[in-house]
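Trainee: Please find the sequence and the predicted model below.
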Amino acid sequence: MTFRITDAYLSRMMVGDLNRNLAGMLEQQRMASTMRRVNSYADDPRAVATIQRYENLLAENADYISNANRSRLLVDATDAALQDVSEVLADVRVLMLRESSALATPQTMALAAVEVDSLIERLMSVLNTSIEGNYIFAGSETDNPPFLRSSSHVIYQGNDEDILSRVGPNSLMAVNLTGNTLIGARSGRATGTMDLAPRLDPTTPLNTLNLGGGWVPGVIQLEDATGTVWQIDLSSSLTVGDVLNEINTATGGAVTATISAGGESLTLSGVGPLTVREDGDGTTAASLGLHGPSLPGTLIGHDIRPPADALTALADIESLAAGLPLGSVEIEWQGSIYTVDFSAAATLGDLQTAVAAAVPGMELHINPSGLSLIGGSTEEFDVRNADATDTASALGLLGMGTPVRLFGVFEDLMADLVANDQLAVRGAASELSAVADVVQELLMRIGNRQNNLDWSESILRSRDERLRTNLGLEQDVDIAEVATNLSRAQAAYQASLSVTSTLFQMNLMQYL
């Protein structure tokens, strides 16, 4: 049987092959030009969802980096302003010492009063610093200057609200200082210097760790020196005891998880060195203080103790346990001497009750890691040990309680200079020193925030690099493979063109 293939059919077949080879070559050229394997939904529908997820994570991470950079501007400006405040305080101290010496005269004191007035204006300018139109010491009232001079006094117009910046998926950071930390507390204050955060125990809720900052539920990876790796899911844990049990169970006893001897952290023991890593982009290990490698056989975590509160037992505070029961302290305030007996106290709340009962108008505040004794007036007070137990020292309250009055001490000093009261000028030294100490504490707090921002930015940039690498694995092409495929596609297309032109060469004899 003979079949006849028409020229029309042959033409369609050749043109179809030609178009397919052209399309293949164009596809390879597009991948070579864009350096991407997936350029449209049709290229790889399954990969598109993963690519979009990575792109969304990258955009989110970019926002965190932007927040960290903007927060850095505010924190650095605050640091520079506080440095200027420290310089002003140093200038005032020199002036005060000069005018309280035997060389002072009514004329020099009058000139010094003018100098103090100019230093107040300098402080006003520093503390009314703004960035992009936002005043950095005004709390959340950033539209208006926080400090206003009215008559002979400086008034604070801002509020005491923190500006919070999200610099990570689970990281919210206060980045400002409110001006009322400098304008002056209305009462004398003795801030404790002793760390009174309670020890960890198996019943400690995980959401109270890190002085109340909590933890991040998730998965950690644990590896010992033998190369064995355990992936441990802690997301359902509620207490410290749950975490210890999960680790001990998952490792089958190869690694023993306990609470450190001092009760401040978790400890892992096994065939070391032990290494704890995060699972993916998680921060569970870091929130438990376990991130990183260990000593030869033991990994001692970072301090993750919960905050102190009124129910905290004194026996659960490492620094107090060996000295219980407590004794008495003596407080000299408003011309009277009060003795506060803490011998019957069992909790920090009992200490509060004892102070309130013994010293009218004075309160003991419990901070996350210590105590503050606050008087109900701007007068100073003195806290002393009343017996051999050295209780005031043990609680970190030994010493003077003074109000924080940055502008107040300047205003009083200027009035004393105008009045030619050399004794009062000399007496301003202690309060000026207290204000300088407060400014130094604020500088340390800002320095800590700068370090935290550096750490956060480092983490975010590492995360950005990992995400881009993962996105590239899904989306980018293999250059060598594309080059080879493109060469083949070009050869196939050229061959198709050659065959087509040969088959369709027509002359008069073929036509007839």
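Mentor: Arrived safely. Just so it is clear, the structure is predicted and the values come from calculations on it, not from any experiment. Numbers count the residues shown, from 1 in each chain.
Trainee: all helices of the stretch 401-512 of the chain, in order?
Mentor: 406-418, 422-475, 479-503, 508-511 (DSSP state H, counting those that start in this stretch).
Trainee: The stretch 151-300 of the chain now?
Mentor: Under DSSP H, counting those that start in this stretch, the stretch 151-300 of the chain gives helices at 180-183, 240-250, 284-287.
Trainee: right, so of these, which gets closest to residue 98?
Mentor: Across the helices of the stretch 151-300 of the chain, the minimum distance to residue 98, taken as C-beta to C-beta, is reached by helix 180-183, at 24.7 Å. In this view, the C-beta of every residue, glycine as well, is placed from N, C-alpha and C.
Trainee: For that closest one, C-alpha coordinates in CSV please.
Mentor: Provided in CSV are the C-alpha atoms of helix 180-183 (Å, rounded to 0.1, in the frame of the first residue of the first chain):
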residue,chain,number,x,y,z
ASN,A,180,11.5,62.2,83.9
THR,A,181,14.5,60.0,84.8
LEU,A,182,16.5,63.2,84.8
ILE,A,183,14.1,66.0,85.7
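Trainee: Could you tell me how far that helix lies from the centre of the chain?
Mentor: In terms of C-alpha atoms, centre = their mean, to the nearest Å, the centre of helix 180-183 is set 23 Å apart from its chain centre.
Trainee: ok, now stretch 223-239?
Mentor: Chain-centre distance of stretch 223-239: 26 Å, with C-alpha atoms, centre = their mean.
Trainee: coming back round to it: output the helices of the stretch 401-512 of the chain in CSV, with mean neighbour count and distance to residue 107 appended to each entry.
Mentor: What follows is the helices of the stretch 401-512 of the chain, written out as CSV (neighbours: other C-beta atoms under 10 Å; distance: least, C-beta to C-beta, whole Å):
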stretch, mean neighbour count, distance to residue 107
helix 406-418, 21, 11
helix 422-475, 16, 13
helix 479-503, 14, 83
helix 508-511, 6, 124
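Trainee: Residue 258 is nearest to which of the ones you listed?
Mentor: Between those, helix 422-475 lies closest to residue 258; by C-beta to C-beta that is 27.7 Å.
Trainee: any idea of the mean pLDDT for the closest one?
Mentor: Helix 422-475 comes out with an average pLDDT of 81.
Trainee: Just checking the distance from it to the centre of its chain.
Mentor: That offset, for helix 422-475, works out to 9 Å (C-alpha atoms, centre = their mean).
Trainee: Return the most buried member of the helices of the stretch 151-300 of the chain.
Mentor: The highest mean neighbour count among the helices of the stretch 151-300 of the chain, using mean count of other C-beta atoms under 10 Å, belongs to helix 284-287: a mean of 22.
Trainee: Quick one: list the elements packing against that one.
Mentor: strand 219-223, strand 275-278 (3 or more C-beta pairs under 8 Å, 6 or more residues apart in numbering; DSSP states H and E).
Trainee: which residues touch the shortest one?
Mentor: In this structure, residues lying in contact with strand 275-278 by C-beta atoms under 8 Å, 6 or more residues apart in numbering are 220-223, 268, 284-286, 290-294, 299.
Trainee: ok, now which ones touch residue 162?
Mentor: 139, 174, 176, 178.
Trainee: I'd say the last one and residue 142 touch.
Mentor: No. Because the distance of 11.1 Å does not satisfy C-beta atoms under 8 Å, residue 178 is recorded as not touching residue 142.
Trainee: Compare these two (neighbour count), which wins?
Mentor: For residue 178 versus residue 142, the count of surrounding residues by other C-beta atoms under 10 Å is larger for residue 178: 22 against 18.
Trainee: quick one on the thing from earlier: just the contacts of residue 162: which are in strands?
Mentor: Per DSSP state E, strands hold the following members of those: residue 174.
Trainee: neighbour-wise, which of the contacts of residue 162 leads?
Mentor: residue 176 (26 neighbours).
Trainee: Quick check: the gap between it and residue 71.
Mentor: Going from residue 176 to residue 71 by C-beta to C-beta, to the nearest Å gives 9 Å.
Trainee: got any ranges where the stretch 51-200 of the chain has weak pLDDT?
Mentor: 101-103, 151-152, 183-187 (pLDDT under 70).
Trainee: change it to 80
Mentor: 51-52, 97, 100-104, 150-153, 168, 170-171, 180-193 (pLDDT under 80).
Trainee: The stretch 251-400 of the chain now?
Mentor: The model of the stretch 251-400 of the chain has pLDDT under 80 over residues 272, 291-297, 368-369, 376-379.
Trainee: How is the protein partitioned into domains?
Mentor: 7-35+478-511, 54-184+404-466, 206-300, 314-401 (automatic domain parsing).
Trainee: Nearest to residue 197, out of the ones you listed?
Mentor: Across the domains of the chain, closest to residue 197 is domain 314-401 (C-beta to C-beta), at 4.5 Å.
Trainee: Now for residue 326, how many residues are close by?
Mentor: 25.
Trainee: Quick check: closest non-adjacent residue to it.
Mentor: Nearest residue to residue 326, sequence neighbours excluded (C-beta to C-beta, 6 or more residues apart in numbering): residue 342, at 4.0 Å.
Trainee: List the contacts of the one you found.
Mentor: By C-beta under 8 Å, 6+ apart, the contact list for residue 342 reads 325-329, 350-351, 354, 391.
Trainee: try it again with 7 Å
Mentor: Applying C-beta atoms under 7 Å, 6 or more residues apart in numbering, we find residue 342 in contact with 326-328, 351, 354, 391.
Trainee: before we move on, what about residue 72?
Mentor: Residue 72 touches residue 453, counting by C-beta under 7 Å, 6+ apart.
Trainee: what's the helix or strand for it?
Mentor: Using DSSP states H and E, residue 72 sits in helix 45-99.
Trainee: helix or strand right after that helix?
Mentor: Downstream of helix 45-99, the first helix or strand assigned by DSSP H and E is helix 106-127.
Trainee: tell me the angle that following helix makes with helix 422-475.
Mentor: Orientation of helix 106-127 against helix 422-475 (axes from the mean of the first three to the mean of the last three C-alpha atoms, to 10 degrees) gives an angle of 20 degrees.
Trainee: how far out from the middle of the chain is helix 106-127?
Mentor: From the chain centre to the centre of helix 106-127 is a distance of 38 Å (C-alpha atoms, centre = their mean).
Trainee: Could you look up the SS state of residue 363?
Mentor: strand (DSSP: H, G, I helix; E, B strand; the rest coil).
Trainee: Can you tell me the closest non-neighbouring residue to it?
Mentor: residue 374 (5.1 Å).
Trainee: So which elements touch the strand or helix carrying the one you found?
Mentor: Taking DSSP H and E as the criterion, the element that holds residue 374 is strand 370-375. Where contact means 3 or more C-beta pairs under 7 Å, 6 or more residues apart in numbering; DSSP states H and E, strand 370-375 is packed against strand 189-191, strand 362-367.
Trainee: Go through those strands and name the closest to residue 163.
Mentor: Among the helices and strands packed on strand 370-375, the nearest to residue 163 by C-beta to C-beta is strand 362-367 (21.4 Å).
Trainee: can you give me the angle the closest one makes with strand 370-375?
Mentor: Interaxial angle, strand 362-367 versus strand 370-375 (the same axes, to 10 degrees): 160 degrees.
Trainee: from now on call the first residue 429
Mentor: All right, first residue 429 from here; so that's strand 790-795.
Trainee: Enumerate the positions of strand 790-795 that are buried.
Mentor: Residues of strand 790-795 classed as buried: 790, 792, 794 (neighbour count, 16 or more other C-beta atoms under 10 Å).
Trainee: how about those residues in CSV, adding distance to residue 595?
Mentor: Output for the buried residues of strand 790-795, formatted as CSV (distance: C-beta to C-beta, whole Å):
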residue, distance to residue 595
790, 39
792, 35
794, 29
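Trainee: Which member of those is positioned nearest residue 474?
Mentor: Closest approach to residue 474 among the buried residues of strand 790-795 (C-beta to C-beta): residue 794, at 56.3 Å.
Trainee: what sits opposite the closest one in the beta ladder?
Mentor: With DSSP bridges applied, residue 794 shows beta-bridge pairing to residue 799.
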